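Colleague: predicted model follows, preceded by the sequence.
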Amino acid sequence: MVGDFMKTIIIGGGASGLACAIKAKNKNNEIIILEKESKCGKKILVTGNGKCNYFNDDFTIDHYNSNNKDILNEVINEDNKKLVLDFFDSIGIIPKIKDNYYYPVTNQAITIREALVNYALKIGVKIITDVNIVDINYNGKYEIITTDNTYTSDNLVLATSLLAMKGNEFGMNIARKFNHSVIEPLPALVQLKGNEKYFKEWAGIRTDVNVSLYINDNYIKNSEGEIQLTDYGISGICIFQLSSLVNKALYDNKKVNIKINFIPWINNNIKEFLSDRNNKLNNPNISDLLDGMINYKLVNLILDLSNISRDKKYNELTNNDINNIINYLTNFDIKIIDSMGFDKAQVCSGGIPLNEININNMSSYKNNNLYIIGELLDVDGECGGYNLGFAWVSGLLAGIDINDKN
Ligand SMILES: Cc1cc2nc3c(=O)[nH]c(=O)nc-3n(C[C@H](O)[C@H](O)[C@H](O)COP(=O)(O)OP(=O)(O)OC[C@H]3O[C@@H](n4cnc5c(N)ncnc54)[C@H](O)[C@@H]3O)c2cc1C
């Protein structure tokens with residue numbers, strides 16, 4: 001195609017689609033974004049609680065899940081970190097970095113969205129919104145049929161994401177039509193559900209914990225931070241970080257348990273700690289001994305679950321009682337039965353397998369001049385800017401390849 005006027009259509013004007021469009025545009029090509037919403041980048045506005053945590057300085061593979069992690073590893077590197085940071089610099093974003101998390105200095109997600117859309121428009125990317133695509137065919141060129149129009153293009157980029165937060169199956173279905181397989185999408189970065197009567201009692205508690213994920217009774221992973229105890233189960237970033245693995249295990253009919261350590265700040269022997277505290281407080285009631293260590297609602301719950309009356313003195317407890325209390329304090333075990341689903345999930349796991357694309361430029365091995373980017377691919381990251389991080393990298397790599405074509 002060198003020398004010819006090449007046309008590229010990007011379906012989806014979200015994070016990855018916008019980054020791709022800007023990088024792809026040059027004076028010899030035509031780049032068109034077809035977006036179903038009335039404006040591009042709507043989801044960007046709700047990211048990071050409206051502040052948009054758009055990247056993480058610790059851009060390493062450990063923060064990602066994929067069924068082809070070895071392939072993903074090829075693009076999660078320092079070169080692509082520089083690619084993303086240079087890109088944001090080039091469109092005028094001034095970063096504010098807090099504990100490795102990147103935000104725009106304005107603390108407003110709209111800064112990112114507007115910078116992307118305005119820059120794209122300024123360099124000549126065409127953005128067509130409110131489109132309703134009915135079908136896409138390929139006969140040497142792509143034919144994109146909408147309810148109002150038919151577009152043709154040399155390249156097609158799928159950037160429509162998956163099912164999280166009222167997403168849709170469009171991208172998956174088009175990828176399937178072009179001979180791709182799809183790994184079942186599942187909710188990720190999402191709250192987890194259990195089925196315990198006591199959830200009503202602990203609803204509303206927020207506290208710093210250490211949580212461990214067990215699948216079929218095997219320890220898998222640990223996470224730290226603030227947990228939110230709710231009437232359906234558990235939430236909070238430390239839970240989100242485990243939720244992708246949890247949903248995959250539940251999907252495979254495996255047994256999933258989360259064990260909570262409510263006193264992660266005690267490093268030494270807990271029996272000794274309790275006994276020292278008992279001596280210091282002159283043998284108080286057990287509830288007085290535990291008050292001040294954990295949320296008072298949890299004190300009541302743990303004593304109820306251990307069948308120990310609140311006014312019993314610590315010295316009157318049996319060894320078994322003390323072990324029970326310690327177990328609830330450090331290994332509070334919840335059986336997880338489900339998650340809160342796609343509508344509450346920030347992202348999805350699953351999608352188009354990475355071994356069906358050339359990871360260096362996101363082009364499809366299945367269809368000529370087809371690219372797949374962003375969340376539509378089988379990549380999901382932890383909270384902390386990792387999901388947008390992959391959206392930018394994949395969009396930019398595809399954009400570079402398209403730009404290089406003429
Ligand atoms: C509440 C929330 C908070 C989040 N916070 C963060 C955060 O702080 N940091 C972080 O890294 N990640 C965060 N994420 C995840 C991040 O937003 C996504 O991973 C990222 O937006 C994915 O980029 P994408 O380009 O693949 O898809 P999207 O950004 O979702 O873009 C897809 C676009 O395609 C359009 N589209 C869909 N179907 C069609 C169709 N048929 N025709 C035309 N257009 C279509 C959509 O309207 C949308 O504009 C958050 C997600 C949510 C829901």
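Modeller: Nice, I can see it. Keep in mind that what you see is a predicted model, and the values were worked out from it rather than measured. Residues are numbered from 1 along each chain as shown.
Colleague: wait, Thr147 sits on Val134?
Modeller: Yes: using Cβ atoms under 8 Å, Thr147 is in contact with Val134, at 6.1 Å. The C-beta positions use only the backbone N, C-alpha and C, and glycine is treated the same way.
Colleague: ok, these two, which is more surrounded?
Modeller: Neighbours were counted for Thr147 and for Val134 using other Cβ atoms under 10 Å; Val134 has more, 11 against 8.
Colleague: which non-adjacent residue is nearest that one?
Modeller: Ile145 (4.9 Å; Cβ to Cβ, 6 or more residues apart in numbering).
Colleague: how many residues are close by the one you found?
Modeller: 14.
Colleague: how far away is the residue in the stretch 251-400 of the chain that the ligand sits nearest to from Ile357?
Modeller: With Cβ to the nearest ligand atom as the measure, Gly374 is the residue of the stretch 251-400 of the chain nearest to the ligand, at 2.3 Å. Separation of Gly374 from Ile357 (Cβ to Cβ, to the nearest Å): 12 Å.
Colleague: ditto for Leu245
Modeller: Between Leu245 and Ile357 the distance is 24 Å, computed by Cβ to Cβ.
Colleague: so these two - more neighbours on which side?
Modeller: Ile357 (26 against 17).
Colleague: go ahead and confirm that one touches Ser363.
Modeller: Yes: checked against Cβ under 8 Å, the pair Ile357 and Ser363 is within contact range at 6.5 Å.
Colleague: overlap in contacts, those two.
Modeller: Tyr371 (Cβ atoms under 8 Å, 6 or more residues apart in numbering).
Colleague: what does the chain have sitting close to the ligand?
Modeller: For the chain, the residues in contact with the ligand (Cβ under 6 Å from any ligand atom) are 11-17, 34-37, 40, 42-43, 46-48, 52-53, 131, 133, 159-161, 164-165, 168, 170, 346-347, 374-375, 385-389, 391.
Colleague: show me which of these are buried.
Modeller: Burial by neighbour count, judged by 16 or more other Cβ atoms under 10 Å, picks out 11-17, 34-36, 40, 43, 47-48, 52-53, 131, 133, 159-161, 164-165, 170, 346-347, 374-375, 385-389, 391 from these.
Colleague: okay, and which of those residues map to strands?
Modeller: Under the assignment DSSP state E, those contribute 11, 34, 133, 347 to strands.
Colleague: from these, which is closest to Pro264?
Modeller: Looking at those and their distance to Pro264, the nearest is Val347, at 26.8 Å (Cβ to Cβ).
Colleague: what bridges to the closest one?
Modeller: Ala188 (DSSP bridges).
Colleague: show me where the stretch 1-150 of the chain has strands.
Modeller: Listed in chain order, the strands of the stretch 1-150 of the chain (DSSP state E, counting those that start in this stretch) span 6-11, 29-34, 55-56, 64-65, 95-98, 101-104, 126-128, 133-138, 142-146, 150-153.
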